[in-house]
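>>> What would the 3D arrangement of this be:
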Amino acid sequence: MVEILLPKKSRLKQGKTWEAPSNISNLREYRIYRWNPDEGGNPSIDTYYVDLDDCGPMVLDGLLYIKNKIDPTLTLRRSCREGICGSCGMNIDCTNTLACIKDMNSVKGVIKIYPLPHMSVVKDLVVDMSHFYAQHRSIDPWLKTVSPKPSKEILQSHVDRQKLDGLYECVMCACCSTSCPSYWWNSDRYLGPAVLLQAYRWLVDSRDEEKGDRLDDLEDPFRLYRCHTIMNCAQSCPKGLNPAKAISKIKMLMLDRKI
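Coordinates of the predicted model:
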């Protein structure tokens, strides 16, 4: 039997427990991953109690209640609070999702929150997204044309426009990529579910004129072909998208041009 030993500084320790108010009955317990690079040491799990009568229904509402009224040192990303910006991606109740659209009532018992897996932790629930964004930049996520610039917008038929449904809605929160074992193992070269879904979004856009170059760029044993249809990406996407399906469509495009 192989014994895998984690680095000593990766082991979680019990952190601080903030006392529950004695005069409030409608409480919800949060256990949150904490790590401060300035202090060093091991990460910990701190325990908080949120007053549901003074808080919105979403997990993000509870986090902001904690930050504003209990512990201002808690660090997290958030912006739109409507599932549009993708900033508040984190692991809640063992699933990668957006805190702003995760209803507290959908979590049974204690609400346990960790940063997105596989990402380097900057502080608490904030992870380093630099590599993820660099991969997105590498696919040239914009329209590329060779025709003379038109005097107005490039029109699409209703049918061509509908091909983008299920693709353009991606908010690049990285929930899918960080739930993918293939991305955990090969993220230095494998683009991952989110970026490949975005790549297909531009491949299938009728207004783009450089499909061949885009496919050439993806024709690599690692950039595209590390998907093994585990389907964690589709299960974890908070927008209900299916990156695995988009990846299979890219593979079909690769096959079609070789026949």
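>>> how about the helices in the stretch 1-150 of the chain?
With DSSP state H, counting those that start in this stretch as the criterion, the stretch 1-150 of the chain has helices at 59-69, 130-138.
>>> Out of those, which is the most enclosed?
The highest mean neighbour count among the helices of the stretch 1-150 of the chain, using mean count of other Cβ atoms under 10 Å, belongs to helix 59-69: a mean of 20. Yep, even glycine has a C-beta here, placed from its N, CA and C like the rest.
>>> and it, what does it pack onto?
Counting contacts by 3 or more Cβ pairs under 8 Å, 6 or more residues apart in numbering; DSSP states H and E, helix 59-69 packs against strand 27-34, strand 44-51, strand 111-114.
>>> can you list contacts of the last one?
What it means is strand 111-114. With Cβ atoms under 8 Å, 6 or more residues apart in numbering as the test, strand 111-114 has contacts from 28-33, 59, 62-63, 90-94, 99, 104, 125.
>>> re earlier: can I get the helices and strands packed on helix 59-69 in CSV including distance to Ala194, mean pLDDT and mean neighbour count?
Shown next, in CSV, are the helices and strands packed on helix 59-69 (distance: least, Cβ to Cβ, whole Å; pLDDT from 0 to 100; neighbours: other Cβ atoms under 10 Å):
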stretch, distance to Ala194, mean pLDDT, mean neighbour count
strand 27-34, 22, 98, 19
strand 44-51, 28, 98, 19
strand 111-114, 19, 98, 20
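>>> For those strands, give me CSV that also has distance to Arg11.
What follows is the helices and strands packed on helix 59-69, written out as CSV (distance: least, Cβ to Cβ, whole Å):
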stretch, distance to Arg11
strand 27-34, 13
strand 44-51, 10
strand 111-114, 14
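>>> Let me know which of those is the nearest to Lys144.
Among the helices and strands packed on helix 59-69, the nearest to Lys144 by Cβ to Cβ is strand 111-114 (38.5 Å).
>>> Return the closest one as CSV; C-alpha atoms alone will do.
Written as CSV, here are the backbone C-alpha positions of strand 111-114 (Å, rounded to 0.1, in the frame of the first residue of the first chain):
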residue,chain,number,x,y,z
ILE,A,111,-21.9,25.4,5.8
LYS,A,112,-18.3,24.4,5.0
ILE,A,113,-16.4,26.7,2.7
TYR,A,114,-13.0,26.3,1.1
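>>> Adjacent strands (with direction) for that strand?
Here strand 111-114 has these sheet partners by DSSP bridges: strand 27-34 (parallel), strand 89-92 (antiparallel).
>>> CA atoms of the first one as CSV?
Presented in CSV, the C-alpha positions along strand 27-34 are these (Å, rounded to 0.1, in the frame of the first residue of the first chain):
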residue,chain,number,x,y,z
LEU,A,27,-28.4,31.0,13.6
ARG,A,28,-26.5,29.2,10.9
GLU,A,29,-23.0,27.8,11.5
TYR,A,30,-20.2,28.5,9.0
ARG,A,31,-16.9,26.8,9.0
ILE,A,32,-14.4,28.6,6.8
TYR,A,33,-10.9,27.9,5.5
ARG,A,34,-8.5,30.6,6.7
